[in-house]
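Undergrad: task: produce atomic coordinates for the following.
(one chain, ligands or ions: 2)
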Amino acid sequence: MALAEILMLGRMLPIVETSLDADFTVHKVAAADVASLDPELCARVRAVAGGAHVPVNAELVDRLPALEIVANFGVGYDSVDARYCAEKGVCVTNTPDVLTEEVADTALGLLLMTAREFGAAERYLRAGRWTGGPYPLTRATLRGRKLGILGLGRIGKAIAARAEAFGLEIHYHGRSRQQGVAYTYHDSLEGLARACDTLMVVAPGGAETRGIVNAQVLKALGPEGIVINVGRGTVIDEAALITALQDGTILSAGLDVFEDEPRVPQALIDMDRVTLLPHVGSASRHTRDGMGRLVVDNLLSWFREGKPLTPVAETPFVKRG
Ligand code: NAP
Ligand code: 8YV
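TA: Ligands and ions are numbered 1, 2, ... in the order given. Purely as a prediction, here's the structure:
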């Protein structure tokens, strides 16, 4: 007998779909069909499983009166209104830790690609231009760089550990200074940017962080400045970033996330020195499968044991029943 009826928003990995089908009655709903869900089905749904592509907002939560848990595929859950879920006694889970090292690897790869222009150098070779002369020396190097991390959380710390091995001086900004951390803390983002020439953005999305990397912060970073973003596109004011790149306020950027994914501004695409990745921070089979298993395990734990494995900060208290 099925443990519960679940709404699956958008397609999920085969490992998730197969595992959930074994224990639950799963209703797979495409983003376009969420608005026209059958009210009788809505009344029976006790769980939602989904990724970042279909928002779980207050309106959807209100349409699911029996909803107990939202299992988000991803550690970032800015597409889920977790505060509203908390008010309604609905538990929200995410997928921390299982992706930390993969995303930190991506961040360092993106930093190296951007500073040393490896993407442009590879395009140079593939275009047959090497026979006409060597690729120009890069203006930037990692040598002597000061790395400012916005969001020294699980992934931020894994990035810092790698950056230490590369010999970078490390600073950070978050809402508070962290105990037992030897890196230099700055109580303002602008202060962090002023002290550094490389800004690593790995803070969550959402209203609190929207556009906080703005024109002033970019100016403070300076003309040798490099911005890397593996957090959320919304954390950076993308229009201000484009202007800062165009007028030389900063040197370059490496971006895995964007304000309006999967749409990327043409102005960024046109800049050869900027490195652009299609949100692949965690995108290996190994890591995505680990995330998928955690989505399933949270739902199984909820319906079998009455408690979640990895609830988000807004709903740590929610237990089944
Ligand atoms: P985490 O452990 O919760 O760390 C988040 C950090 O951000 C914390 O250190 C927190 O420090 C800081 N922070 C939160 N709100 C802030 C604010 N308003 N201003 C400044 N700093 C703030 O999360 P994580 O596991 O490291 O993941 C971080 C983020 O990475 C996710 O939320 C997601 O958006 C992104 N991500 C992207 C990919 C990708 O594929 N590119 C993959 C995974 C995750 P304080 O509490 O001290 O402020
Ligand atoms: C996921 C991410 O790929 O975990 C996150 O917050 O951004 C990525 O790991 C994404 O959420 C799934 O679409």
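Undergrad: strands along the stretch 51-200 of the chain, start to end?
TA: 69-72, 91-93, 146-150, 169-173, 184-185, 198-201 (DSSP state E, counting those that start in this stretch).
Undergrad: quick check: mean pLDDT of the shortest one?
TA: Regarding strand 184-185, the rounded mean pLDDT is 98.
Undergrad: would it count as contacting ligand 1?
TA: No: applying C-beta under 6 Å from any ligand atom, one finds strand 184-185 separated from ligand 1 by no less than 9.5 Å. C-beta here means a position set from N, CA and C on the backbone, and glycine is covered the same way.
Undergrad: residues in contact with residue 149?
TA: Residues near residue 149 by C-beta atoms under 8 Å, 6 or more residues apart in numbering: 156, 159-160, 170-173, 183, 200, 202.
Undergrad: so which of these reach ligand 1?
TA: Okay, of the contacts of residue 149 touching ligand 1 (C-beta under 6 Å from any ligand atom), that's 156, 202.
Undergrad: of the contacts of residue 149, closest to ligand 2?
TA: Closest approach between the contacts of residue 149 and ligand 2, by C-beta to the nearest ligand atom: residue 202, at 10.4 Å.
Undergrad: need the pLDDT of that closest one.
TA: Model confidence at residue 202, given as pLDDT, is 98.
Undergrad: next, count neighbours for it.
TA: The tally of other residues near residue 202 (other C-beta atoms under 10 Å) stands at 27.
Undergrad: just residue 176 next, same as before
TA: 7.
Undergrad: and it, how far is that from ligand 2?
TA: 22 Å (C-beta to the nearest ligand atom, to the nearest Å).
Undergrad: now residue 98
TA: Distance from residue 98 to ligand 2, by C-beta to the nearest ligand atom: 9 Å.
Undergrad: which residue is the nearest non-sequential neighbour of that residue?
TA: Once flanking residues are discounted, residue 98 sits nearest to residue 290: 3.9 Å by C-beta to C-beta, 6 or more residues apart in numbering.
Undergrad: you'd agree that neighbour is in a helix?
TA: Yes: judged by DSSP: H, G, I helix; E, B strand; the rest coil, residue 290 forms part of a helix.
Undergrad: surely residue 289 and residue 18 touch.
TA: No: with contact defined as C-beta atoms under 8 Å, residue 289 does not reach residue 18; the gap is 11.6 Å.
Undergrad: of these two, who's got more company?
TA: Set side by side, residue 289 and residue 18 show more neighbours around residue 289, with 15 against 12, by other C-beta under 10 Å.
Undergrad: so what's that one up against?
TA: Neighbour list for residue 289: 13, 15 [criterion: C-beta under 8 Å, 6+ apart].
Undergrad: residue 267 too?
TA: Residues near residue 267 by C-beta under 8 Å, 6+ apart: 242, 246.
Undergrad: for it, give its distance to residue 276.
TA: In this view, residue 267 and residue 276 are 11 Å apart by C-beta to C-beta, to the nearest Å.
Undergrad: which positions in the stretch 151-300 of the chain make contact with ligand 1?
TA: So far as C-beta under 6 Å from any ligand atom goes, the stretch 151-300 of the chain lies against ligand 1 at 151-156, 174-176, 202-205, 208-209, 230-232, 256-257, 279, 281-282.
Undergrad: buried only: go through the residues you listed for me.
TA: By the neighbour-count criterion of 16 or more other C-beta atoms under 10 Å, those include these buried positions: 151-156, 174, 202-205, 209, 230-232, 256-257, 279, 281-282.
Undergrad: distance of residue 38 from ligand 2?
TA: Distance from residue 38 to ligand 2, by C-beta to the nearest ligand atom: 26 Å.
Undergrad: ranges for the helices of the chain?
TA: 14-23, 39-44, 58-62, 82-87, 100-115, 118-126, 154-165, 189-195, 215-221, 238-246, 266-269, 285-305 (DSSP state H).
Undergrad: could I get those as JSON lines with distance to residue 319 and mean pLDDT?
TA: JSON lines is the format used below for the helices of the chain (distance: least, C-beta to C-beta, whole Å; pLDDT from 0 to 100):
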{"stretch": "helix 14-23", "distance to residue 319": "20", "mean pLDDT": "96"}
{"stretch": "helix 39-44", "distance to residue 319": "22", "mean pLDDT": "97"}
{"stretch": "helix 58-62", "distance to residue 319": "18", "mean pLDDT": "96"}
{"stretch": "helix 82-87", "distance to residue 319": "13", "mean pLDDT": "97"}
{"stretch": "helix 100-115", "distance to residue 319": "26", "mean pLDDT": "98"}
{"stretch": "helix 118-126", "distance to residue 319": "48", "mean pLDDT": "98"}
{"stretch": "helix 154-165", "distance to residue 319": "24", "mean pLDDT": "98"}
{"stretch": "helix 189-195", "distance to residue 319": "37", "mean pLDDT": "98"}
{"stretch": "helix 215-221", "distance to residue 319": "41", "mean pLDDT": "99"}
{"stretch": "helix 238-246", "distance to residue 319": "40", "mean pLDDT": "98"}
{"stretch": "helix 266-269", "distance to residue 319": "45", "mean pLDDT": "98"}
{"stretch": "helix 285-305", "distance to residue 319": "9", "mean pLDDT": "98"}
